[in-house]
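*Asks:* sequence plus the predicted model coming up.
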Amino acid sequence: MMLTPEIRAVFFDAVGTLIVPDPPVVEVYAEVGRRHGIELPLAEISNRFRAAFRAEEKEDAIRGGPTREEREVNRWRNVVAHVFQERGEAVFRDLYNHFGNAAAWKAMEGAGEALRELASRWLVLGLASNFDHRLHAIADGLPELAPLKHRIISSEVGWLKPSPRFFEVVIRAAGCEPGQILFVGDHRINDYTGANAAGMRGLLFDAGPKKMPGVRRIQRIQELLG
């Protein structure tokens, strides 16, 4: 049972847990690239995007987790530059603005139903994400996320998950003891390990077939409802 009687708050990661890009990132990059005269195969875009994103995460890990709005903008500027092998500001701006629009995202299947049910149980609900100010417009534009009353966004609090300082903000927002908070996310280190290290009850959202002995895990958001 995930929602044990002592749980008073449930906080969720955003991308990959409650929301996903729609259309997928690779397709959007390809379309924007074509509009700017750059033709790249989807597979090449995917490989370059993953490599660039991993490099940015590695840099954050080396620095220990501090961030701010400017850093998050530069993160995506660097990713776009790596994908298209150039620093085209117009391409970057088109992509940055696109993914700041709620129409570019959709809620995960079952997320709206699960959040409404959790809210009906008088649990404190929140969103806690490594993102930037754009997440406000995205969450405001997706009615499924309306039950989430708190938003903890890394660029605003100044720290990225899995920094303990990020989770300190989550604990203050929840207004209860760390052990009374269930933290749900799809990233093994940032969400699951980070939340557990902060004294919360981490829960990994992973729909893959791989077995994970000893890991608290769900494969569908609806599993939260027991």
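*Replies:* Ah, there it is.
*Asks:* what's the model's confidence in the longest helix along the chain, averaged?
*Replies:* Secondary structure assigned by DSSP state H gives helix 42-63 as the longest helix of the chain. Confidence over helix 42-63, taken as the mean pLDDT, stands at 95.
*Asks:* in it, which residues are buried?
*Replies:* By 16 or more other CB atoms under 10 Å, the buried positions in helix 42-63 come out as Ile45, Ser46, Arg48, Phe49, Ala52, Phe53, Glu56, Glu57, Asp60. Glycine gets a C-beta too; all of them are placed from N, C-alpha and C.
*Asks:* go ahead and confirm the third one touches His82.
*Replies:* Yes. At 5.7 Å, Arg48 counts as touching His82 under the criterion of CB atoms under 8 Å.
*Asks:* where does the protein have low pLDDT?
*Replies:* The model of the chain has pLDDT under 70 over residues 1.
*Asks:* repeat the analysis, applying 50 as the threshold.
*Replies:* Residue ranges of the chain with pLDDT under 50: none are present.
*Asks:* so which residue of it lies furthest out from the middle?
*Replies:* Relative to the mean C-alpha coordinate of the chain, counting by CA atoms, centre = their mean, the farthest residue is Gly37 (30.8 Å).
*Asks:* wasn't that residue part of a helix?
*Replies:* No. When DSSP: H, G, I helix; E, B strand; the rest coil is applied, Gly37 is found to be coil, with no helix at that position.
*Asks:* what's near enough to touch it?
*Replies:* Applying CB atoms under 8 Å, 6 or more residues apart in numbering to Gly37 gives no contacts.
*Asks:* before we move on, back to that, ok, then the element right after the longest helix of the chain?
*Replies:* From helix 42-63 onward toward the C-terminus, using DSSP states H and E, the following helix or strand is helix 69-84.
*Asks:* could you give the number of residues near Thr193?
*Replies:* A total of 17 residues lie near Thr193 under the criterion other CB atoms under 10 Å.
*Asks:* and the longest helix of the chain, how far out from the chain's middle?
*Replies:* What separates the centre of helix 42-63 from the centre of its chain is 16 Å, taken as CA atoms, centre = their mean, to the nearest Å.
*Asks:* so what secondary structure elements neighbour that helix?
*Replies:* The elements that helix 42-63 packs onto, with contact taken as 3 or more CB pairs under 8 Å, 6 or more residues apart in numbering; DSSP states H and E, are helix 25-35, helix 69-84.
*Asks:* need the ones you listed in a markdown table with mean neighbour count, can you?
*Replies:* Converted to a markdown table, the helices and strands packed on helix 42-63 look like this (neighbours: other CB atoms under 10 Å):
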| stretch | mean neighbour count |
| --- | --- |
| helix 25-35 | 18 |
| helix 69-84 | 18 |
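*Asks:* can I get those in JSON lines with distance to Tyr192?
*Replies:* As requested, the helices and strands packed on helix 42-63 are exported to JSON lines (distance: least, CB to CB, whole Å):
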{"stretch": "helix 25-35", "distance to Tyr192": "23"}
{"stretch": "helix 69-84", "distance to Tyr192": "22"}
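*Asks:* which one of the ones you listed lies nearest to Ala114?
*Replies:* helix 25-35 (24.4 Å; CB to CB).
*Asks:* the closest one versus helix 42-63: what angle between them?
*Replies:* Here the directions of helix 25-35 and helix 42-63 differ by 110 degrees (axes from the mean of the first three to the mean of the last three CA atoms, to 10 degrees).
*Asks:* tell me how far helix 25-35 lies from the chain's centre.
*Replies:* Shown here is helix 25-35, whose average C-alpha point lies 21 Å from the average C-alpha point of the whole chain (CA atoms, centre = their mean).
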